[in-house]
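[1] give the three-dimensional model of this entry:
(one chain, ligands or ions: 3)
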Amino acid sequence: MELSLTRPDDWHLHLRDGDLLEAVAPHSARIFGRAIVMPNLRPPISTTAAAMAYRESILKALPVDSGFSPLMTLYLTDTTSPSEIRLARKSGVVYAAKLYPAGATTNSQDGVTDLFGKCLPVLHEMVEQNMPLLVHGEVTDPNVDIFDREKVFIDTVLRPLIQKLPQLKVVMEHITTKEAVSFIESCCEGTVAATVTPQHLVLNRNSLFQGGLQPHNYCLPVLKRDVHRQAIVSAVTSGSRRYFLGTDSAPHERMRKECPCGCAGVFNAPVALSLYAKIFEEAGALDKLEAFISFNGADFYGLPRNTSKIKLSKTPWKVPECFSFASGDIIPLFAGKTLDWLPSF
Ligand SMILES: NC(=O)N[C@@H](CC(=O)O)C(=O)O
Ligand SMILES: [Zn+2]
Ligand SMILES: [Zn+2]
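    Residues are numbered from 1 along each chain as shown. Ligands and ions are numbered 1, 2, ... in the order given. Sure, this is the predicted structure:
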């Protein structure tokens, strides 16, 4: 079987910088037309000037004939100003601003400590500029169980936020729970949406401990119980326009994953499309795959859909064990495993 599909976009991607950027960018660029590029570098991409410079380094890291467009984002801090949002919009290269609650995830140290206390003027300006707020939706309170942090964030931050600013466009990134699905369903379609990663659709929290600790399955939000996985599978395969592809491909060098305090983040760019196809096939919903991977995100962001095509054929292929680059190795999700759906162009 072979599917011909509109070229997809990745609405949540970490491209990193330096050697790592050069190593990973081609994996996304061969498959996706565009990607929303996350700003959590060190230092963070918190100004329009930094976003423009980062965009140039991404373009340099792409293969010469690549048609891939990086869509940049701004990292919100306690001191981001409304004028920075205006500048970002005017630049034509910044498409959203990203909320990292300080301490919630990789490189979130400079994130927001008090959204309602520090960021309301910026959020009002984002409404004015029709600029989406992208959210890592977890509370950081160490007393909240790590498996409950998304649910508590919805109740204490997201619901109050959309009550205060019903016109703000919000993308809840990498949703992992049935509570997140209920929340998204309760919001206004076209104003609040969610991205879903391949790992949260195919794995549950058992995969973190299968036969021993599995650092390459560790990401944030952490994998959840299977009942939650099933809820997000039903949501994305229902055909709803509220959900779209965001891989959250987040590479870390092997030695930073396989160590006493390993980093959170899964490198899934080479396998993401195969895994999404597997999920839709198993749900008997292959007819709804194209909207999820290629239409819903563009429609939400108000961008034209891609016009070129890719092919996905039902051909078994083996995922490489490892990708080596100048400063180390990166282990992909499903390393060494065989997957069913092979993308080609
Ligand atoms: N998802 C992750 O586990 N890690 C991401 C950050 C993020 O998306 O939260 C990273 O930048 O490594
Ligand atoms: Zn995140
Ligand atoms: Zn991410």
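
[2] so which bits of the protein are right by ligand 2?
    Counting by Cβ under 5 Å from the ion, the chain comes close to ligand 2 at Thr105, His136. Where C-beta positions appear, they are placed from N, C-alpha and C, glycine not excepted.

[3] mind jotting down where the helices sit in the chain?
    Here the chain has its helices, by DSSP state H, at 18-29, 48-61, 82-91, 115-118, 120-129, 149-153, 159-164, 178-186, 198-202, 226-237, 254-257, 272-282, 289-290, 296-301.

[4] could I get those helices as a markdown table with mean pLDDT, mean neighbour count and distance to ligand 1?
    Output for the helices of the chain, formatted as a markdown table (pLDDT from 0 to 100; neighbours: other Cβ atoms under 10 Å; distance: least, Cβ to the nearest ligand atom, whole Å):
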| stretch | mean pLDDT | mean neighbour count | distance to ligand 1 |
| --- | --- | --- | --- |
| helix 18-29 | 98 | 20 | 11 |
| helix 48-61 | 98 | 17 | 14 |
| helix 82-91 | 98 | 17 | 20 |
| helix 115-118 | 98 | 14 | 16 |
| helix 120-129 | 98 | 18 | 20 |
| helix 149-153 | 98 | 22 | 12 |
| helix 159-164 | 98 | 14 | 18 |
| helix 178-186 | 98 | 19 | 14 |
| helix 198-202 | 99 | 24 | 9 |
| helix 226-237 | 99 | 19 | 15 |
| helix 254-257 | 98 | 16 | 10 |
| helix 272-282 | 98 | 21 | 13 |
| helix 289-290 | 98 | 21 | 23 |
| helix 296-301 | 98 | 22 | 16 |
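
[5] Throw those into TSV and include distance to Tyr218, thanks.
    Conversion of these to TSV gives the following (distance: least, Cβ to Cβ, whole Å):
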stretch	distance to Tyr218
helix 18-29	18
helix 48-61	26
helix 82-91	32
helix 115-118	26
helix 120-129	32
helix 149-153	15
helix 159-164	28
helix 178-186	20
helix 198-202	10
helix 226-237	16
helix 254-257	7
helix 272-282	17
helix 289-290	27
helix 296-301	26
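
[6] do you know which of those lies nearest Leu220?
    helix 149-153 (8.8 Å; Cβ to Cβ).

[7] who's in contact with that closest one?
    101, 104, 137-141, 144, 175-177, 179-180, 221 (Cβ atoms under 8 Å, 6 or more residues apart in numbering).

[8] hmm, try it at 10 Å
    101, 104, 135-141, 144-145, 158-159, 172, 174-180, 183, 220-222, 224, 228 (Cβ atoms under 10 Å, 6 or more residues apart in numbering).

[9] give the contact list for Trp158.
    Careful, residue 158 is Leu and not Trp. Leu115, Val135, Gly137, Glu150, Val170, Met172, Ala180, Phe183, Ile184, Cys187, Val192.

[10] direction included, what does the biggest strand by length in the chain pair up with?
    Ranked by residue count, the top strand of the chain under DSSP state E comes out as strand 309-318. Its sheet considered, strand 309-318 pairs with strand 2-6 (antiparallel), strand 338-344 (antiparallel) by DSSP bridges.

[11] any idea which of these is most buried?
    strand 338-344 (a mean of 16; mean count of other Cβ atoms under 10 Å).
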